[in-house]
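Asks: Sequence below, structure please.
(2 chains)
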Number of protein chains: 2
Amino acid sequence: MEAELKEMLSDLESLKRSLPDPSHHASIDKMQLRVQNLTNLSESAPVRRSKVKDMSAEVVDSNPYSRLMALQRMGIVQNYERIREFSVAIVGIGGVGSVAAEMLTRCGIGRLLLYDYDKVELANMNRLFFRPEQVGMTKTDAAVQTLSDINPDVSYTLNITTLQGFETFMSSLKNKTFCPSKEGSGVDLVLSCVDNYEARMVVNQACNELNQTWMESGVSEDAVSGHIQLLIPGETACFACAPPLVVASGVDERTLKREGVCAASLPTTMGVVAGLLVQNTLKYLLKFGHVSPYLGYNALKDFFPTMEMKPNPQCSNAACLERQKEYILAKPARDAAAKAKEKEEVLVMEGPVHDDNEWNISVVDDSELVTADVSSSDALPEGLVRELPSADEFQRPTSPEETTNPMDDLEDLRKQLDALNN
Amino acid sequence: MEAELKEMLSDLESLKRSLPDPSHHASIDKMQLRVQNLTNLSESAPVRRSKVKDMSAEVVDSNPYSRLMALQRMGIVQNYERIREFSVAIVGIGGVGSVAAEMLTRCGIGRLLLYDYDKVELANMNRLFFRPEQVGMTKTDAAVQTLSDINPDVSYTLNITTLQGFETFMSSLKNKTFCPSKEGSGVDLVLSCVDNYEARMVVNQACNELNQTWMESGVSEDAVSGHIQLLIPGETACFACAPPLVVASGVDERTLKREGVCAASLPTTMGVVAGLLVQNTLKYLLKFGHVSPYLGYNALKDFFPTMEMKPNPQCSNAACLERQKEYILAKPARDAAAKAKEKEEVLVMEGPVHDDNEWNISVVDDSELVTADVSSSDALPEGLVRELPSADEFQRPTSPEETTNPMDDLEDLRKQLDALNN
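Replies: Next comes the predicted model:
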């Protein structure tokens, strides 16, 4: 538009020069002014934010990374800037995938690979991210349009078709242009945000073959539950180790769809699932907190089940069995590395964390409190009772001894018997 | 821009007519073509989606409500369309409030009242919703710009200043133009999404005075935990019933801020908190599932504590004490209503839910399964073990008998003693 207006100006100028009668000049001057106005109007269209070379922790309103870099000062993440070195693939840019892509974009991830073959429809407007004016665009195009405006620092790679062409999918994951020094595949994590089992099995196959860690996500057809799951080839169950009934029975899931019936969906459930998925992605990449092996979300009861799944030695997936074998063979090396790391951590812990002690804070060993019997409320100051179970207590697995009779001491039994007899 | 271009065309036309020499006409024709081009260009700018009169459940790509109306067919919500009758106020349009507003907008809420006094900064870009080109706009203006594009069916009300003018805040909540027949205030729910205690105390005061149910939300300074809480005046604790230390001690929290230091924030944590907040809002308004009185989110451990807080009879807030008194006085009426409802439900349950039975499904009473001892795995088919605790089991309070010695039967003790003796 700017180019067209510029040529218009020069057209008017040459017309003016070619006209002998100055009475026409006033009318041309007026038009030139109009063109100038139009140029100003078109230039006042949104300006894009410029790229940022280094992430700064400076606390100013113009710094898009100040609130993220603050995670370092707060002691949550050791080196937040490392986020720029990571490459994440998202398969499926729907209600969960698009929000996950936006979260990673705003967090300043290095590179995003987006896979989808679908187009944006008005029927997608009940979930976050896509806008009505994007209807008809491919989801990947629409996503990159929005995301590159939000953060031009991230590098985006689009992949329109994905699962029809398994080889194309594999080779795009292996592409190492972003990070040539990286071992294995060209991505650090694959996030599966698809809505069918066939696509999940394809992601599973590719990740097993590439020995690529991935996270799976899903939302139920009635929109009120969802889950995320971490899959490490050889170490955890793969998607084929304990396949859903529809996969195990070999039914084509597309035949299960009924005319005029669609699945329900909610921006809330999908937003929560995307949030939990990307939170665990950040924990996994930046090495902080505990990465959940499986986390469910029951929206009706606000209940969040967790579990762990070991690989199945009778898994139907040949690549999974190979990874399982490798994992078992690597056990001695893994144990030695863990031991060395533990030793190193002990050495680090022996030194003081902060040399200055402005507030005169002294640290008291709380291991006694943790191991104390949780049922005795003696540990609390007088007058206080616990309203909330503590996070440690929640994660402590309930041992079978607790629910069965804990007594196997003859002396104890005798004492109780005496007491009952008296 | 369109008007300017139209006038430009007529200017060129009159210039052409006033020029005697036809050699100039070609040059003017060319310019007219240019203006026509420019008009086409400016008209191809994004088209807004038109308003929808009634929510339809029709499964077509062009229906923005099909996935929400499917909640009815799935038996989750009885009458989803009622969402249009509700009015929700959101105080604070930051990292949580803006996402909550977008979720409610996409769900098709009737009316949103948005309160904020702040402007959009680049430093907000690490959280969802605002875009770099909105920097400098007030958050309320920027929000309505985005939201009305997404869903023009929602009616939006902006409130730039809020908490400085308590009376203005109160009267805007009392305004009933949207729903004149509504009793009490003009809104169905107030969502507090602010980042300081002073603002929370203002919302608390207004809601206690208006007897207005509200939900509070918050995210910690280190960005890795958050919570939501339901506050019903007189029935649950108000924000002043158990005030945070900084409020109770009367310290001005603004004096606690240090130069060059800001709180950390993450789009993930804020997205999860907003999702849980709006999910509970939907459950509250549309009457489905269980509305959590308090739900925490610990991002490092993926731990979600819940609790309930009764009102404090020594609360420092006079309006809270008044609401508590009313709540106690209304107990007999409440009990009678609950009894009547229970009776009604029993009557409804006696009739069949579906008259036709296409799949020949018969219902078996599963109450025996629920009440059966959960520690006995006999209820499961042979070869299956439970990996996951069920939601019901999770919500069942652990009785003290389970952790202490469950034996008080003399006969049992004697048998064990004999076994140990042998």
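Asks: quick one: the helices in the stretch 51-200 of chain A?
Replies: In the stretch 51-200 of chain A, the helices defined using DSSP state H, counting those that start in this stretch lie at A:66-73, A:97-106, A:139-150, A:166-174, A:197-210.
Asks: Might you report the residue contacts of A:Asn126?
Replies: A:265-267, B:64-65, B:67-68, B:106-108 (Cβ atoms under 8 Å, 6 or more residues apart in numbering or on different chains). For glycine as for every other residue, the C-beta is placed from the backbone atoms N, C-alpha and C.
Asks: Let's see that with 10 Å instead.
Replies: Shown in contact with A:Asn126 (Cβ atoms under 10 Å, 6 or more residues apart in numbering or on different chains): A:95, A:223, A:264-267, A:270, B:63-70, B:103, B:106-108, B:151.
Asks: likewise A:Leu112?
Replies: Taking Cβ under 10 Å, 6+ apart, one finds A:86-90, A:100-101, A:104-105, A:143-144, A:147, A:151, A:154-158, A:187, A:191 in contact with A:Leu112.
Asks: tell me, which of those make contact with chain B?
Replies: Filtering those for neighbours of chain B using Cβ under 10 Å from any Cβ of the partner chain leaves A:100, A:104-105, A:151.
Asks: Among those residues, find the lowest-pLDDT one for me.
Replies: Ranked by pLDDT, the ones next to chain B among the contacts of A:Leu112 bottom out at A:Asn151, which has 94.
Asks: Can you give me the neighbour number for the closest residue in space to that residue that isn't next to it in sequence?
Replies: Nearest residue to A:Asn151 in three dimensions, chain neighbours excluded: A:Thr105, at 4.8 Å (Cβ to Cβ, 6 or more residues apart in numbering or on different chains). Number of residues near A:Thr105 (other Cβ atoms under 10 Å in any protein chain shown) recorded here: 25.
Asks: I'd guessed A:Thr105 sits against B:Arg127; true?
Replies: No. A:Thr105 is beyond contact range of B:Arg127, at 11.7 Å (criterion: Cβ atoms under 10 Å).
Asks: Now for the two: what residues contact both?
Replies: B:Pro267.
Asks: Strands of the stretch 151-300 of chain A, start to end?
Replies: Ranges of strands in the stretch 151-300 of chain A, per DSSP state E, counting those that start in this stretch, are A:155-159, A:189-192, A:214-219, A:225-231, A:294-298.
Asks: Report the buried members of the contacts of A:Leu112.
Replies: A:86-90, A:100-101, A:104-105, A:143-144, A:147, A:151, A:154, A:156-158, A:187, A:191 (16 or more other Cβ atoms under 10 Å in any protein chain shown).
Asks: ok, so what distance separates the closest residue to A:Asn196 other than its chain neighbours from A:Asn208?
Replies: Distances taken as Cβ to Cβ, 6+ apart put A:Glu253 closest to A:Asn196, at 6.0 Å, once the chain neighbours are dropped. According to Cβ to Cβ, to the nearest Å, A:Glu253 stands 21 Å off from A:Asn208.
Asks: What is the burial count for the residue nearest to A:Asn196?
Replies: Neighbour tally, A:Glu253, other Cβ under 10 Å: 12.
Asks: In this structure it contacts A:Val194, no?
Replies: No. Look at A:Glu253 against A:Val194 with Cβ under 10 Å: they stay out of range, at 11.8 Å.
Asks: and the strands of the stretch 151-300 of chain A as TSV, adding mean pLDDT?
Replies: Below are the strands of the stretch 151-300 of chain A laid out as TSV (pLDDT from 0 to 100):
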stretch	mean pLDDT
strand A:155-159	84
strand A:189-192	97
strand A:214-219	98
strand A:225-231	98
strand A:294-298	98
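Asks: could you dump those strands to JSON lines with distance to B:Phe288?
Replies: Output for these, formatted as JSON lines (distance: least, Cβ to Cβ, whole Å):
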{"stretch": "strand A:155-159", "distance to B:Phe288": "38"}
{"stretch": "strand A:189-192", "distance to B:Phe288": "29"}
{"stretch": "strand A:214-219", "distance to B:Phe288": "17"}
{"stretch": "strand A:225-231", "distance to B:Phe288": "13"}
{"stretch": "strand A:294-298", "distance to B:Phe288": "13"}
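Asks: out of the ones next to chain B among the contacts of A:Leu112, who's nearest chain B?
Replies: Of all these, the one with the least separation from chain B (Cβ to the nearest Cβ) is A:Asn151, at 7.1 Å.
Asks: Who are the contact partners of that closest one?
Replies: A:Asn151 neighbours (Cβ under 10 Å, 6+ apart): A:49, A:51-52, A:64-65, A:102, A:104-109, A:112, B:125-126, B:132.
Asks: Among these, which ones are in strands?
Replies: A:Leu112 (DSSP state E).
Asks: Tell me the most packed of the contacts of A:Asn151, by neighbour count.
Replies: A:Leu104 leads the contacts of A:Asn151 on contacts (other Cβ under 10 Å) with 30 neighbours.
Asks: show me the contacts for that one.
Replies: A:Leu104 touches A:83, A:86, A:88, A:90, A:110-112, A:147, A:151, A:154, A:189, A:191, A:274, A:277-278, A:281-282, A:285, B:267-268, counting by Cβ under 10 Å, 6+ apart.
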